[in-house]
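1. the sequence isn't on hand, but the structure is:
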């Protein structure tokens, strides 16, 4: 019954957003949607016209809800929107607007001097010879695959437990993603699993530094030593400030690709970057992120005159504008100084949950994780109830991620079954990601911890999964 009510609430909520007369009074709206769900469950159909009237919300003096269709009482008390703990809040200071303003006052809004400055910072940060800003991780990965001439008939090995973009970029360029299951303790691709999946068609392996912990890229390079034609492309979307055994992303691979999406530790809202030590590939990366052109817009007008360009290869549109790049320099310079605070918060979670029947991703010795996300795993049978209970307590959470082969598209195209990737499937069925970000106050984290501990009634009879 609870799941049915959840679905009704989601449907009514979505309808309310699009209702012409919708009024956004926060917790009053949620309480009203709750009561409408109760009406639906009891068979009291408001009808389309009745519903349109119902969303004309006004507040009674006693805090209830009145509409022209009648008065509805809420059966579930929700924390107010302002009192709930956001899943994520960025930490960009308002002073960042000055950097954007400076770009607006300059001749170039798109990729120009600011992007070149940031790319130099990235080379210094990662110790790589080259860096290229991109409009997103996804477009950067497409550009990288195009630069490596990967396409139809080729295969790229990817982990089954990741965000869908890792596999999608392979599909987008006409190649085939070959999934491998992940290590049950770390949720990371194991070099031996990648080696076992090699075929004559394999052109690249894409290890994913999931949640901020780096894969064993050096170990992967060793198992591929006899295959110089197979590239390693690191999905480092979660791992800007990560390291493993003293090395950083990009130092043992052909390329590492980062994301500057809104929820990332370094962000400009939308954006990404490729770093590489492959001097032979650098001109290709430069071109494939800009339609395959030989020069950028800024370079075409350098030296005070127009410079001709050519199309040297097939490319996409993946460059980052200076307008967004302007938000990055200060973050790149300070990210390592800000990491200990995130690690402290993550360690508080680990300590608080040590005795609960939860499964946590294991952090290996020698790994300094970016602590980009903090996932927990609950018994899959109660995962949705757990999410509901956390939301009711005012804690916003999400799911990162379902097993990619278990999504509708990949099941339909390739006929994948859950038992083919059991670790990834089971993790994806029980994963919940908790709030973890720079602006999360200790009292808020205490509330999250209390809410997670409050899930214990759902775990009755459950044993702690192996981790």
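-> Yes, it's here. Please read all numbers here as calculations on a predicted model, not as lab measurements.
2. what does the average pLDDT come to for stretch 250-264?
-> With pLDDT averaged residue by residue, stretch 250-264 scores 98.
3. secondary structure element for residue 425?
-> helix 422-430 (DSSP states H and E).
4. buried sites along that helix?
-> Buried residues in helix 422-430, counted by 16 or more other C-beta atoms under 10 Å: 423-430. C-betas here are computed from N, CA, C, even on glycine.
5. any regions of the protein where pLDDT drops low?
-> Judged by pLDDT under 70, the chain has its weakly predicted residues at 1-82, 461-467.
6. so what are the domain limits for it?
-> Taking automatic domain parsing as the reference, the chain has its domains at 2-72, 96-330, 338-459.
7. between those, which one is closest to residue 85.
-> domain 338-459 (5.0 Å; C-beta to C-beta).
8. how long is the closest one from one end to the other?
-> For domain 338-459, the first-to-last residue distance is 35 Å (C-alpha to C-alpha, to the nearest Å).
9. do the same with stretch 428-443
-> Per C-alpha to C-alpha, stretch 428-443 runs 29 Å from first to last residue.
10. please apply the same query to stretch 302-322.
-> Using C-alpha to C-alpha, one end of stretch 302-322 lies 16 Å from the other.
11. got a markdown table for the domains of the chain, with distance to residue 89 too?
-> Formatted as a markdown table, these follow (distance: least, C-beta to C-beta, whole Å):
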| stretch | distance to residue 89 |
| --- | --- |
| domain 2-72 | 17 |
| domain 96-330 | 9 |
| domain 338-459 | 5 |
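12. ranking those domains by burial, who's on top?
-> domain 96-330 (a mean of 20; mean count of other C-beta atoms under 10 Å).
13. part of a helix, is residue 299?
-> Yes: under DSSP: H, G, I helix; E, B strand; the rest coil, residue 299 sits within a helix.
14. circling back to that earlier point, could I get the buried residues of helix 422-430 as JSON lines with distance to residue 178?
-> Formatted as JSON lines, the buried residues of helix 422-430 follow (distance: C-beta to C-beta, whole Å):
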{"residue": "423", "distance to residue 178": "16"}
{"residue": "424", "distance to residue 178": "14"}
{"residue": "425", "distance to residue 178": "17"}
{"residue": "426", "distance to residue 178": "21"}
{"residue": "427", "distance to residue 178": "19"}
{"residue": "428", "distance to residue 178": "19"}
{"residue": "429", "distance to residue 178": "22"}
{"residue": "430", "distance to residue 178": "25"}
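15. next secondary structure after the helix holding residue 425?
-> Assigned by DSSP H and E, the successor of helix 422-430 is strand 431-434.
16. next SSE after that following strand?
-> Taking DSSP H and E, what comes next after strand 431-434 is helix 442-453.
17. would you mind pulling up the elements that that following helix packs against?
-> helix 329-352, helix 383-392 (3 or more C-beta pairs under 8 Å, 6 or more residues apart in numbering; DSSP states H and E).
18. touching the longest one from outside, list them.
-> Around helix 329-352, the neighbours that count as contacts under C-beta atoms under 8 Å, 6 or more residues apart in numbering are 96, 99, 117-118, 121-122, 125, 240-241, 265-267, 360, 368-371, 374, 434, 436-438, 440, 445, 448-449, 452-453.
19. and stretch 311-326, how far from the chain's centre?
-> Taking C-alpha atoms, centre = their mean, to the nearest Å, one finds the center of stretch 311-326 at 21 Å from the center of the full chain.
20. how long is that stretch from one end to the other?
-> 28 Å.
21. stretch 370-380 too?
-> 27 Å.
22. residues contacting that stretch, please?
-> Contacting residues not belonging to stretch 370-380 are listed as 211-212, 238-242, 264-265, 339, 342-343, 345-346, 349, 353, 357-361, 386, 400, 426-427, 429-436, 452, 455, 458-459, 462, 465 [C-beta under 8 Å, 6+ apart].
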